[in-house]
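Q: Give the three-dimensional model of this entry:
(2 chains)
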Amino acid sequence: MSRLRSRAALLPVVLCALLVAACGGAKEPVHYQADWQVFEATDTLFEEATLVVEATPTGPGVSEELHIGGEPDETSVYTVSEVKITRVLKGSASEGDRIKVKQLGGEVDGVEFIEDETVYLAAEKPYLLFLETYPDAPASLLNPKQAQYPKNAAGDFVSLPGNELTMTKAELARLAPGK
Amino acid sequence: MAVLLGLSLVVTSSGPAEAHSFRWGMPSARQQIRPYDYNPTWQTAMDRALSNWNVTPTPAYFPKGSSPNTITARSYSDSWYGRYERWINTSGYYFKIKLNSRRITASATNFSNFVTSVLVHELGHGLRLGHNSGTSIMNDRRNRNSLTKPQQHDIDDVNAYY
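A: Numbering: from 1, shown residues only, chains lettered A, B, ... in the order given. Now for the predicted structure:
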């Protein structure tokens, strides 16, 4: 009985804390969830990409509100990374070019925009990227996990957890002969 | 209030389907959708998605009416086919669903089915369904050209959540 009484006494304290958090504390996040194409083979991934490059983010990604289509005032929140291209395997770009890559989610005006499946590019780490490019917006990965391969110290491409595709140097040479 | 609602979602997330539940769905399975108006090809495919949920033996029901919940089909410069967003205002949670006509058109061999499949999937997120790998409209490896209806797995999950 005394335990019940002590719990009941705590209830107003807990409710007050929750109300304070709700009214004056952190803003409620917006949650994104997207339906992306999942690739069964590296060939399809390569074919559908408009730009395949090895590239290194020059710094941490920056949250931006972007207009990517739809109504004129319609925006989406992305984390945008500038990457410096070190090798071009497919598409219109040159070694040394710097391009922007956007990934869903970020933080704007104190509101977090969260996409659970996104794995953000790490600054100054080399990657192999399979991108779709646009005339009016930064490029996008074709799939949040299957279209990025961090390069390890041995120079091998690593598949992110949940990505069943394997991208070896030999596989890349087969996909992009002579590149 | 938002925090209280969020907590209630977490603690009521139980049952056999908990492992792949999507915590950011709606508190109720009955959600009005703001009416939309597209050409007959899109309109029919989108309306069919609402119907495909409405006829399931679940509490899921998506009638059209005055609502902050929106479904928009446009050409977007991104690689997703469809996107679900859960927002909050002073009245509570609401969702925005976007269909990317550019990507859908590029990938579809059966356009109408593809549109329906993507929209049924996104509405599934509103019903607290997460991505999974089984025979399910929430499987992101599903054949979008043929799988257009919630599967038994999805129906069981919705009934477990609401």
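Q: Only C-alpha atoms from now on, for both contacts and neighbour counts.
A: Noted.
Q: For chain A, which residues are neighbours of chain B?
A: Residues of chain A lying near chain B by C-alpha under 8 Å from any C-alpha of the partner chain: A:18-19, A:21-22, A:28-38, A:68-70, A:132, A:134, A:136-137, A:139-143.
Q: Tell me which of those fall in strands.
A: A:30-35, A:132, A:139-141 (DSSP state E).
Q: And the strands in chain B?
A: B:70-74, B:82-89, B:92-100.
Q: which bits of chain B sit near chain A?
A: So chain B meets chain A at B:1-4, B:24, B:73-88, B:118, B:121-122, B:125, B:140-141 (C-alpha under 8 Å from any C-alpha).
Q: What's the ChimeraX line that selects buried ones from those residues?
A: Buried residues within the residues of chain B next to chain A, by 16 or more other C-alpha atoms under 10 Å in any protein chain shown, are selected in ChimeraX with:
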select /B:1,2,3,24,73,75,76,77,78,79,80,81,82,83,84,85,86,87,118,121,122,125,140,141
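Q: My guess is residue B:46 contacts residue B:119. True?
A: Yes - counting by C-alpha atoms under 8 Å, residue B:119 is a contact partner of residue B:46 at 6.8 Å.
Q: The two: which is more packed in?
A: Neighbour count, other C-alpha atoms under 10 Å in any protein chain shown: between residue B:46 and residue B:119, residue B:119 has more, with 29 against 26.
Q: And the residue nearest the centre of the chain?
A: Reading this off chain A. With distances taken as C-alpha atoms, centre = their mean, the residue of chain A nearest its centroid is residue A:103 (3.6 Å).
Q: Hmm, no, I was thinking of chain B.
A: residue B:123 (1.1 Å).
Q: Please report how far it lies from residue B:141.
A: 17 Å (C-alpha to C-alpha, to the nearest Å).
Q: same question, residue B:113
A: Taking C-alpha to C-alpha, one finds residue B:113 at 15 Å from residue B:141.
Q: same question, residue B:34
A: From residue B:34 to residue B:141 the distance is 29 Å (C-alpha to C-alpha).
Q: give me every residue that touches the residue nearest to the centre of chain A.
A: Residue A:103 sits next to A:78-80, A:118, A:120, A:140-141, A:144 when contact means C-alpha atoms under 8 Å, 6 or more residues apart in numbering or on different chains.
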